[in-house]
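[1] I'll drop the sequence and a predicted model, then ask my questions.
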Amino acid sequence: MGAEPLIRGLCFGEGPRWHAGSLWLSDMHDHRVLTVSEAGRVTPVVEVPNRPSGLGFAADGTLLVVSMTDRSVWRWDGHALVRLADLGQLASHDCNDMVVDRHGRAYVGNFGFDLHHRAEFRPAELVAVEPDGAARVVATDLAFPNGTVITPDHATLIVAESYARRLSAFDIDAEGDLHNRRIWAELPAGVVPDGICLDSMMGIWIASPTTNECLRVESGGRVTHRIGLDQGAYACMLGGSDRRNLYILTAAGSDPDTCREQRSGRVDVARAPFPGAGLP
């Protein structure tokens with residue numbers, strides 16, 4: 001398997017989602033949300049001044065956007081950005097990725113510490129945001145919670161813990177709370193899981209910036225596929241008309257100033273063996 005560039009010139013792509021026939025993504029350090037067609041046509045959606053990251057969609061299709069440095073989730077209805085939830089009292093540091101369930105409930109991770117200024121590592125929380133904006137912590141002591149998926153039966157949430165090099169799973173109860181934390185997969189040496197996505201055979205694709213690859217793992221940690229890249233992979237999403245296009249967001253690095261200067265960010269695409277499933 002190999003990947004080919006679809007678009008170039010991004011600052012730093014994050015939070016890819018396949019929705020309504022397009023790939024949606026955050027160009028984090030350019031402060032914009034974009035859509036990309038299967039043919040590679042780029043359309044700006046909205047500017048998010050405090051760095052957009054995770055994306056999702058409410059039950060009515062409204063776009064939800066994680067705004068990193070103000071630790072908030074915003075709604076974009078096509079006309080205006082409205083703050084849905086301020087997580088400043090719940091999230092330890094800048095918010096990052098997010099998954100939104102079928103009810104419009106968002107699960108939002110955060111850094112836990114000041115990554116870009118090389119602060120000492122601290123564990124972080126996963127925060128649930130209800131459709132009305134009410135928010136609460138639903139998991140603690142996570143080692144940099146990052147990409148997150150929900151299985152097709154809506155019963156299990158799986159989150160990448162970047163600093164622990166593992167995927168962890170939780171049961172989701174009827175109220176959206178998380179229970180029965182367990183390790184879903186320990187990852188190979190050197191692999192740091194960033195963004196993730198789920199396929200129909202319950203394999204998880206992992207973007208690994210440290211090893212310049214996107215790899216597919218099964219529960220228990222068996223690696224079935226690896227796609228080598230020429231720069232770091234930070235996020236991935238299965239999409240396209242048959243949900244078998246694996247979109248991989250890559251960049252030479254993640255430092256904000258360097259990203260804006262170099263604009264090395266790309267969306268690469270490869271064909272996957274199984275279509276996307278679950279959420280996002």
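    Looks like it came in fine. Computed from a prediction, not measured in an experiment: that's the story for all the values here.

[2] could you tell me how many residues sit around residue 188?
    14 (other CB atoms under 10 Å). Every residue, glycine included, has its C-beta placed from N, CA and C.

[3] pretty sure it is touching residue 213, no?
    No. Applying CB atoms under 8 Å as the test, residue 188 and residue 213 come out as separate, 10.2 Å apart.

[4] same for the helix or strand containing residue 74, what does it pack against?
    Per DSSP states H and E: residue 74 is located in strand 72-76. Contacts defined by 3 or more CB pairs under 8 Å, 6 or more residues apart in numbering; DSSP states H and E place strand 72-76 against strand 63-67, strand 81-86, strand 95-100.

[5] deepest of these, which one?
    strand 95-100 (a mean of 27; mean count of other CB atoms under 10 Å).

[6] now the phi/psi pair for residue 273, please.
    The phi and psi torsions at residue 273 (degrees, to the nearest 10) take the values phi -70, psi -20.

[7] cool, residue 258 as well?
    Torsion angles at residue 258 (phi, psi; degrees, to the nearest 10) stand at phi -60, psi -40.

[8] with residue 257 instead?
    Torsion angles, degrees, to the nearest 10, at residue 257: phi -70, psi -40.

[9] pLDDT at it, what is it?
    You'll see residue 257 listed with a pLDDT of 91.

[10] so it versus residue 29, what's the distance?
    Separation of residue 257 from residue 29 (CB to CB, to the nearest Å): 8 Å.

[11] can you check residue 55 too?
    In terms of CB to CB, residue 55 sits 16 Å off from residue 29.

[12] same check on residue 193?
    In terms of CB to CB, residue 193 sits 21 Å off from residue 29.

[13] so for those two, which residue has more residues nearby?
    Remark: of residue 193 and residue 29, residue 193 carries more neighbours, 27 against 24, as counted by other CB under 10 Å.

[14] for this structure, what spans make up the helices?
    256-262 (DSSP state H).

[15] residues touching the lowest-mean-pLDDT helix or strand in it, excluding its own?
    Among the helices and strands of the chain, helix 256-262 carries the lowest confidence by mean pLDDT, DSSP states H and E, at a mean of 93. The contact list for helix 256-262 (CB atoms under 8 Å, 6 or more residues apart in numbering) reads 11-12, 28-30, 116, 251-253, 265.

[16] now those: which count as buried?
    11-12, 28-30, 251-252, 265 (16 or more other CB atoms under 10 Å).

[17] which two in those are spaced the farthest apart?
    Largest separation among the buried ones among the contacts of helix 256-262 by CB to CB: 30 and 252, giving 15.0 Å.

[18] please flag which of the contacts of helix 256-262 sit within strands.
    251, 265 (DSSP state E).

[19] in JSON lines: the contacts of helix 256-262, plus distance to residue 176.
    Formatted as JSON lines, the contacts of helix 256-262 follow (distance: CB to CB, whole Å):
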{"residue": "11", "distance to residue 176": "33"}
{"residue": "12", "distance to residue 176": "30"}
{"residue": "28", "distance to residue 176": "27"}
{"residue": "29", "distance to residue 176": "32"}
{"residue": "30", "distance to residue 176": "33"}
{"residue": "116", "distance to residue 176": "31"}
{"residue": "251", "distance to residue 176": "33"}
{"residue": "252", "distance to residue 176": "38"}
{"residue": "253", "distance to residue 176": "36"}
{"residue": "265", "distance to residue 176": "33"}
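
[20] for burial, what's the neighbour tally of residue 61?
    11.

[21] if we can go back for a sec, could I get the helices and strands packed on strand 72-76 as a markdown table with mean pLDDT and distance to residue 41?
    A markdown table is the format used below for those (pLDDT from 0 to 100; distance: least, CB to CB, whole Å):
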| stretch | mean pLDDT | distance to residue 41 |
| --- | --- | --- |
| strand 63-67 | 98 | 19 |
| strand 81-86 | 98 | 24 |
| strand 95-100 | 97 | 25 |
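
[22] got the contact list for the residue lying closest to residue 190 once chain neighbours are set aside?
    Among residues not flanking residue 190 along the chain, residue 211 sits closest, at 5.1 Å (CB to CB, 6 or more residues apart in numbering). Shown in contact with residue 211 (CB under 8 Å, 6+ apart): 190-192.

[23] JSON lines for the helices and strands packed on strand 72-76, including distance to residue 205?
    Output for the helices and strands packed on strand 72-76, formatted as JSON lines (distance: least, CB to CB, whole Å):
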{"stretch": "strand 63-67", "distance to residue 205": "21"}
{"stretch": "strand 81-86", "distance to residue 205": "28"}
{"stretch": "strand 95-100", "distance to residue 205": "14"}
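
[24] much appreciated, bye for now.
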